[in-house]
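Asker: here are the coordinates; sequence isn't available:
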Ligand SMILES: C[S@@+](CC[C@H](N)C(=O)[O-])C[C@H]1O[C@@H](n2cnc3c(N)ncnc32)[C@H](O)[C@@H]1O
């Protein structure tokens, strides 16, 4: 009896230690180590790390990419992301910052009005993000970090990835495997590639993906308007407006672009359009975002062999630990013949009318409302 009790105690103690180790392990991620693996995949090398020559190439590319954004003239900073050196330079220069910007943005939106944030629990812990100008889809990291910081609120992440450059595709998969799945070990990620040029009419392509796009919870437009000249505004808006009009769920739109003066003509028009068709949550033309507090810290590893140590050591350029941004967030309520408030009220009522086994119970309604009307119907879009 005594020894079996002792055995239980021992088991319980080791069990607790084991659970602790497992819990810590599940959330451990060295971001810059993961970033190096992503860069390796971009360069297409078979090694697990960047050799000295690839470090030198990446460093040259990141300086060139930063220079392109810094250009003070009036023409847009247009970077062709087909060549791998530009993708590598971009990721090295802004990868971690852009992954964390969405976390900081979500935190600000929550402080302004928490009720506008999508609630994954309402859709079986699923979150649908549509990224416009997705690039490597790093924005998804910050949004997951926001939701899953304390507990796993998002279990299934659907990503609609809109970009004109298909070459990002395999790098995105590395990002999903090396970043998202390491940081959020139980997250299932379902990417959906939509390769289109927003300067053209994309409606045919969007219609083919209607169901996937219509369920969007958050539409993210980050660092892309800056690259599209304002002469294309008409087509870009037609495309973005379509994404907004088909939404079935309340849609949070997050827009974030560099705040340099030369970007104003390419960003302000879409902000004006968005504010006219949605409820304003938060906006700022010129806010400095600092990466100096947990969980959004960026700094040198100071180990001598960390990625940033090797990329920035002995160079005149420095690691960017803050970014100035022009940002906007708005909420769009789904269009339907009945008001959003009425729909929410009836959805809540329906939820309450579940049987013990969890199934919905048929409820006699007194207001003549039919459940089938809940789904968005394209005919209503023109009303
Ligand atoms: C600077 S990257 C931003 C990537 C990501 N959103 C981020 O914040 O890190 C801009 C992305 O927009 C894409 N892009 C630029 N112009 C576009 C267009 N006309 N249509 C679709 N995608 C475009 C580029 O290919 C690139 O992947």
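Answerer: Looks like it came in fine. Quantities reported herein were computed from a predicted structural model and do not represent experimental measurements.
Asker: Let me see the ranges of the strands in the stretch 101-250 of the chain.
Answerer: Remark: strands assigned in the stretch 101-250 of the chain by DSSP state E, counting those that start in this stretch are 126-132, 156-163, 188-195, 218-222.
Asker: does any bit of the second one sit next to the ligand?
Answerer: Yes: contact of strand 156-163 with the ligand (C-beta under 6 Å from any ligand atom) involves residue 163. Any C-beta I mention is one placed from the backbone N, CA and C, and that applies to glycine too.
Asker: what pairs with that strand, and is each one parallel or antiparallel?
Answerer: Partner strands and pairing direction for strand 156-163 (DSSP bridges) are strand 126-132 (parallel), strand 188-195 (parallel).
Asker: now the helices for this structure?
Answerer: Remark: helices assigned in the chain by DSSP state H are 2-27, 31-43, 52-70, 84-112, 139-148, 168-175, 181-183, 203-208, 210-214, 233-245, 264-277, 307-312, 340-352.
Asker: Of all those helices, which one comes closest to residue 253?
Answerer: helix 264-277 (6.1 Å; C-beta to C-beta).
Asker: Turn the strands of the stretch 101-250 of the chain into CSV, columns for mean neighbour count and mean pLDDT.
Answerer: Compiled in CSV, those are given as follows (neighbours: other C-beta atoms under 10 Å; pLDDT from 0 to 100):
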stretch, mean neighbour count, mean pLDDT
strand 126-132, 24, 98
strand 156-163, 22, 98
strand 188-195, 16, 98
strand 218-222, 25, 98
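Asker: Put together CSV for the ones you listed, with distance to residue 98 on each row.
Answerer: Converted to CSV, the strands of the stretch 101-250 of the chain look like this (distance: least, C-beta to C-beta, whole Å):
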stretch, distance to residue 98
strand 126-132, 11
strand 156-163, 14
strand 188-195, 18
strand 218-222, 7
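Asker: Can you lay out the helices of the chain as a markdown table showing mean neighbour count?
Answerer: What follows is the helices of the chain, written out as a markdown table (neighbours: other C-beta atoms under 10 Å):
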| stretch | mean neighbour count |
| --- | --- |
| helix 2-27 | 10 |
| helix 31-43 | 21 |
| helix 52-70 | 17 |
| helix 84-112 | 21 |
| helix 139-148 | 24 |
| helix 168-175 | 19 |
| helix 181-183 | 18 |
| helix 203-208 | 13 |
| helix 210-214 | 17 |
| helix 233-245 | 18 |
| helix 264-277 | 17 |
| helix 307-312 | 20 |
| helix 340-352 | 12 |
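Asker: and those helices as TSV, adding distance to residue 296 and mean pLDDT?
Answerer: Converted to TSV, these look like this (distance: least, C-beta to C-beta, whole Å; pLDDT from 0 to 100):
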stretch	distance to residue 296	mean pLDDT
helix 2-27	15	47
helix 31-43	10	94
helix 52-70	20	91
helix 84-112	4	97
helix 139-148	8	98
helix 168-175	18	94
helix 181-183	13	95
helix 203-208	33	97
helix 210-214	29	96
helix 233-245	28	97
helix 264-277	23	96
helix 307-312	15	91
helix 340-352	32	69
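Asker: Pull the number of nearby residues for residue 320.
Answerer: 14 (other C-beta atoms under 10 Å).
Asker: and what of residue 78?
Answerer: Residue 78 has 11 neighbours, counted by other C-beta under 10 Å.
Asker: What does the pLDDT read for it?
Answerer: pLDDT for residue 78: 77.
Asker: quick one: the residue nearest to it when sequence neighbours are not counted and residue 165, what's the gap?
Answerer: In space, and not counting its chain neighbours, residue 78 is closest to residue 227: 5.3 Å by C-beta to C-beta, 6 or more residues apart in numbering. Using C-beta to C-beta, to the nearest Å, residue 227 is found at 11 Å from residue 165.
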